[in-house]
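Engineer: predicted model and sequence below, questions to follow.
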Amino acid sequence: MQVKRRIVDIMANIDNQNLDNLLLTEDEERELTEQISMERIKNRAMNHIQEEETIVLKNRKVKKYKASIVIAAAMIMILSTTAFASQYMDSLKQFFGPSASIAEDERSPIQGKDTVSGVSMIVEEGVYVGNSGYLVVSFTKEDGKPFPVGASIPGLELKAEHDVSYMVAQQLVDDNKKLVGVFEMDAMNDLEGLKARITADRITAADATQAVDGPWDVQFTISAGKERELNLNQAIHEGEEALSLSTIHVSSIGVAIEGKRTDGKLDKLPEYTPEVKVTAVDGSVTRLHASSTSTTESGFQWLYNLDSKNNLVFLGDLDIKSISIDGNVTELK
């Protein structure tokens with residue numbers, strides 16, 4: 001039986017955090033964002049998630065998540081009723097927080113729009129690494145009025161011409177005047193040129209009563225932004241697993257490593273994840289932890305985008321010199 005799990009479903013029973021002292025001046029708004037404790041948010045999420053999960057995603061593709069990525073998703077959802085000053089942040093920063101640094105040349109603008117019942121759905125942009133990525137969609141009222149507290153979209157869906165698995169999370173921002181959804185995607189093939197559409201059925205209030213009638217539908221073609229891609233020729237033997245790594249992708253949202261099994265167990269995802277370190281030009285070293293292992297057409301992909309405390313890591317502000325995989329260094333510069 002196919003199981004449909006979304007971030008919003010996983011975290012349905014977690015209480016929302018409300019931020020105090022939301023003020024209006026620029027200095028005070030910046031100070032407010034500095035007061036947000038992601039460690040506190042993570043600790044609340046960890047009370048609800050204690051073990052690894054295997055999630056069967058859309059289109060029958062299996063993606064194995066560590067507890068760490070579910071915790072990271074939890075951190076996002078706990079902020080679901082938090083208001084940020086949108087004039088100082090883009091949608092990704094509103095959603096993930098001020099640490100979400102994305103290099104401009106890695107953004108893939110879409111700006112597809114559909115307006116129904118006085119509400120505009122805009123598929124804003126995407127950012128990708130390897131066969132993974134984020135798609136950002138937002139909903140706003142044409143008259144500028146806020147949505148009801150706790151508003152959400154029960155049927156926010158991504159459909160594509162090829163096999164794409166995803167989870168989607170939503171949150172209200174900008175004093176409830178903007179409802180943002182972020183799709184976390186994994187595809188069997190390269191995302192470049194993929195024809196897709198995002199649909200939404202209706203917007204409901206916290207009590208599940210209908211607030212705005214849809215539907216909305218935006219079709220678009222993905223044009224992946226710039227990322228660094230390098231060929232690998234690295235073999236890994238760990239326990240009974242034998243793996244061959246072929247490609248490494250680097251972008252602002254993490255490091256994706258592609259490979260295949262050479263032990264004959266092609267129908268299984270590897271349990272092992274290597275140690276990955278990012279070294280910057282200034283000599284600083286960041287160790288990344290794997291958030292997921294997913295299926296690709298030729299084998300598997302590891303996605304590294306977490307730190308040791310299970311916080312999401314964004315690399316947009318880091319001038320990366322090299323990537324180390326179990327001590328084997330690949331130079332980017």
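Structural biologist: Sure thing, it's come through.

Engineer: what ranges in the chain fall below the confidence cut-off?
Structural biologist: For the chain, residues meeting the criterion pLDDT under 70 lie at 1-89.

Engineer: with adjacent residues omitted, what lies nearest to the residue nearest to the spatial centre of it?
Structural biologist: Closest residue to the average C-alpha location of the chain: Glu184 at 4.2 Å, with CA atoms, centre = their mean. Once flanking residues are discounted, Glu184 sits nearest to Met167: 5.0 Å by CB to CB, 6 or more residues apart in numbering. Where you see a C-beta, it was placed from the backbone N, CA and C, and this is true even at glycine.

Engineer: which strand or helix spans that neighbour?
Structural biologist: Per DSSP states H and E, Met167 falls inside strand 164-173.

Engineer: and the next element down the chain from that strand?
Structural biologist: That would be, after strand 164-173 and using DSSP H and E, strand 178-187.

Engineer: show me what that following strand is packed against.
Structural biologist: In terms of contacts (3 or more CB pairs under 8 Å, 6 or more residues apart in numbering; DSSP states H and E), strand 178-187 is packed against helix 91-96, strand 132-141, strand 156-160, strand 164-173.

Engineer: I'd guessed Phe183 sits against Tyr166; true?
Structural biologist: Yes: counting by CB atoms under 8 Å, Phe183 sits close enough to Tyr166 to count as a contact (5.0 Å).

Engineer: now do the shared contacts for the two.
Structural biologist: Here Phe183 and Tyr166 have Leu158 as joint contacts, going by CB atoms under 8 Å, 6 or more residues apart in numbering.

Engineer: circling back to that earlier point, given the strand holding Met167, what are its sheet partners and their directions?
Structural biologist: Here strand 164-173 has these sheet partners by DSSP bridges: strand 178-187 (antiparallel).

Engineer: tell me where the chain has helices.
Structural biologist: Here the chain has its helices, by DSSP state H, at 7-10, 26-35, 38-46, 67-78, 91-96.

Engineer: the closest residue to Gly214 other than its chain neighbours pairs with what?
Structural biologist: Of all residues not flanking Gly214 in the chain, Arg202 sits nearest, at 4.8 Å (CB to CB, 6+ apart). Going by DSSP bridges, Arg202 is paired in beta bridges with Asp213.

Engineer: neighbours around Arg202, how many?
Structural biologist: Using other CB atoms under 10 Å, the number of residues around Arg202 comes to 16.

Engineer: buried residues in stretch 227-246?
Structural biologist: Applying a neighbour-count criterion of 16 or more other CB atoms under 10 Å, one finds 227, 232, 234, 236, 243, 245 buried in stretch 227-246.

Engineer: ok, now stretch 303-314?
Structural biologist: Buried, per 16+ other CB under 10 Å, within stretch 303-314: 303-306, 310-314.

Engineer: brilliant, that's me finished.
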